[in-house]
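Participant: Turn this into a structure:
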Amino acid sequence: MGQLLITALIAAIVITVLIVPLTKKVPKGNLTNKQFDILAILVFISSYILTLFTVYISKIDLQWTVFLYILPVVALAGALLTTGIEQKIKSALTLASILAVAYLLAAPLFNAEEKYKSAEMEVKVEIQSFDETKTPASVPPKFVRNKMKKAFGQVPNTSYYELGRLQIQKINGEYVYIAPVEFSGLFKWFTGKTTPGYFKMSATDSSDNPKFIAHEMAFVPSAFLNKNLERHMRLQYPTLIFFGDPQLEIDDDGTPYYIRSYGEFISARNGFDVKGIIMVNAKTGASEQVALADVPSFIDGAVSPESVSLQNSYYGNYVHGYWNSLFGKKDVKLPSDEGTEANVSPIFMEDGEMYYFTDFTSPKEGVDSMLGYSLTHARTGEATYYTGNLEESYMDSQGALDIIEKKFIEKEWEGEMPILYNFYGEASWLSAVLDSNGFLQNYFIVSAANPEISTYAFTPNEALKQYKTALSHGGSTVDGTSNAEEAQLTAKVVRVYKERVGDFTIVSFLAATGDNFIVSTETSPLAMYVEAGDSVAITYYATGEQFQPVKTLEIQGLLK
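Facilitator: Numbers count the residues shown, from 1 in each chain. This is a model prediction of the structure:
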């Protein structure tokens, strides 16, 4: 708050000097000492109060460049109120300030190269294969939000509050969604003063139920006056440049903190490059400025999704400058808008770290071919661009969603949160499928290079098992690193498990050799007749995994 008062004081002094005739000469004569003092005091006090009021209401930053926008008006007023040499000086200042404002407004035309350099990414071909023994954090936020709303009865004085912004993060090693309880209006804030806590739900298990965590919070986005979170941050740090909405982060003890990314303009007052976060204890309001390199380990999303989306736009559009992004569009690639947060999708990779995923497509209309995809580390902002296998053409996220829509056109189900993974060496889209009411129905996997290869199931891991079989049927590799060798085996079946999924049946069986196998009736229709005690002759892919995919299956003695 002290910094704000000092900055406003300096601004008021400058405005007073520019407006008040220092020579006391005005067009109609000279000011008396008393008139001069009264005018100076009035201008100083009014400009000081107006500066504080503007910051308080608009929450705008007080970096010195913001004053360039009002400088022409102030300098012109000063020039009109005086005569002689002082008038000439203030008139020249008026002209210079107009040119400065023109520079600010024209900055996007000239700083595209700087923006591209600030967003430049390391380039690789493909992400590592996903470990099928793990479960991707694939529960869609729309479904989670629906469940949290239905569980809102857990909140004390329910009518005072509403559900806030959903955020995925890792707490004590578990991937969860969290959402704060927010005030539902001014009167409710005036009466309640604090919100009672937040909701938490698994990001990997769709059968999990939301749990309300009681933890009083006073500094939240929906509060008013000095308890409003964004205003509280601005009053504490009046000159910082913020970008993106505040996000809730929970430490391993369950204490809620709000964070917001701050950074620097690329040039003039245009563009943004993230440098760190402001962290606020949601209960006490205690604030701390933290550089990205020093962000506490419990914070997963230090870099706001809005700033990542902006960086993706710089990287995709400005590879050859601003004008090329409008006309020639050579090498231009457009980031997708299918993300769940500010056009990007936060996901956790196998290293336990959170990344923002975005796929890039061609600027040419009617083309759903993916040009590449990016992963941006949510704590450091470091980004990698993956070109994918250049010998194959990958379908983009919109193409994957279109396939899902056509697959379930009669039921009017739609895909949500498509993410590209490397499943068994195949670039593949994994998407949740929701009905018209936002309830989760299944998980759909489709090959990005071979859209005819697809499958779906009630859980991501079940879908992965079926997808392995579908890839084997389609002739694709299934081990993620090299082509699995084919092997033959004749053995007695000990145990059998059959599951109907969609139009086909998935048959899992244990052979007397101790090996487990999996086969779809799409690949081998007669597999539906396999029973314990049968002797089968199979050709399978020796992947070394727990359930190895069968290419062909013959039940000995079934057909004579």
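
Participant: quick one, strands of the stretch 451-560 of the chain?
Facilitator: 454-457, 486-501, 504-511, 516-520, 535-541, 547-555 (DSSP state E, counting those that start in this stretch).

Participant: want to try TSV for those, with mean neighbour count, mean pLDDT and distance to residue 337 as columns?
Facilitator: Using the backbone N, CA and C atoms, a C-beta is placed for each residue, glycine as well. Output for the strands of the stretch 451-560 of the chain, formatted as TSV (neighbours: other C-beta atoms under 10 Å; pLDDT from 0 to 100; distance: least, C-beta to C-beta, whole Å):
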stretch	mean neighbour count	mean pLDDT	distance to residue 337
strand 454-457	22	89	23
strand 486-501	14	89	32
strand 504-511	20	88	34
strand 516-520	23	88	35
strand 535-541	19	90	38
strand 547-555	20	86	36
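
Participant: Nearest approach to residue 320 belongs to which of those strands?
Facilitator: Between residue 320 and the strands of the stretch 451-560 of the chain, the shortest separation by C-beta to C-beta is 36.7 Å, and it involves strand 454-457.

Participant: Which elements pack onto the closest one?
Facilitator: helix 397-407, strand 440-447, helix 460-474, strand 486-501 (3 or more C-beta pairs under 8 Å, 6 or more residues apart in numbering; DSSP states H and E).

Participant: so where is the stretch 1-150 of the chain shaky, pLDDT-wise?
Facilitator: 132-133, 135, 137 (pLDDT under 70).

Participant: again, only using 90
Facilitator: Within the stretch 1-150 of the chain, the stretches with pLDDT under 90 are 1-4, 27-29, 125-139.

Participant: just to revisit the earlier point, which of the strands of the stretch 451-560 of the chain sits closest to residue 298?
Facilitator: strand 454-457 (33.5 Å).

Participant: Sheet partners, orientation included, of that closest one?
Facilitator: strand 440-447 (antiparallel) (DSSP bridges).

Participant: could you check the distance from the residue nearest to residue 171 when sequence neighbours are not counted over to residue 188?
Facilitator: Nearest in space to residue 171, with sequence neighbours left out and distances taken as C-beta to C-beta, 6 or more residues apart in numbering, is residue 250 at 5.5 Å. Distance of residue 250 to residue 188, computed by C-beta to C-beta, to the nearest Å: 24 Å.

Participant: Bridge partners for residue 496, pull those for me.
Facilitator: residue 509.

Participant: And the strands in the stretch 1-150 of the chain, which stretches?
Facilitator: Counting by DSSP E, counting those that start in this stretch, the strands of the stretch 1-150 of the chain are 25-26, 29-30, 122-124.

Participant: so can I have a markdown table of the ones you listed showing mean neighbour count?
Facilitator: Shown next, in a markdown table, are the strands of the stretch 1-150 of the chain (neighbours: other C-beta atoms under 10 Å):
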| stretch | mean neighbour count |
| --- | --- |
| strand 25-26 | 17 |
| strand 29-30 | 10 |
| strand 122-124 | 12 |
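
Participant: So for residue 512, which of these sits nearest?
Facilitator: Per C-beta to C-beta, nearest to residue 512 of the strands of the stretch 1-150 of the chain: strand 122-124, 44.5 Å.

Participant: Packing partners of the closest one?
Facilitator: strand 383-386.

Participant: neighbouring contacts of the strand it packs on?
Facilitator: Here strand 383-386 makes contact (C-beta atoms under 8 Å, 6 or more residues apart in numbering) with 119, 121-127, 308, 311, 315, 372-377.

Participant: neighbours around the closest residue to residue 261 other than its chain neighbours, how many?
Facilitator: If the residues on either side of it in the chain are set aside, residue 261 comes closest to residue 304, at 4.1 Å by C-beta to C-beta, 6+ apart. Applying other C-beta atoms under 10 Å, we find 29 residues neighbouring residue 304.

Participant: and the gap between residue 304 and residue 397?
Facilitator: Applying C-beta to C-beta, the value for residue 304 to residue 397 is 21 Å.

Participant: Then residue 116?
Facilitator: Using C-beta to C-beta, residue 116 is found at 23 Å from residue 397.

Participant: Cheers, nothing more for now.
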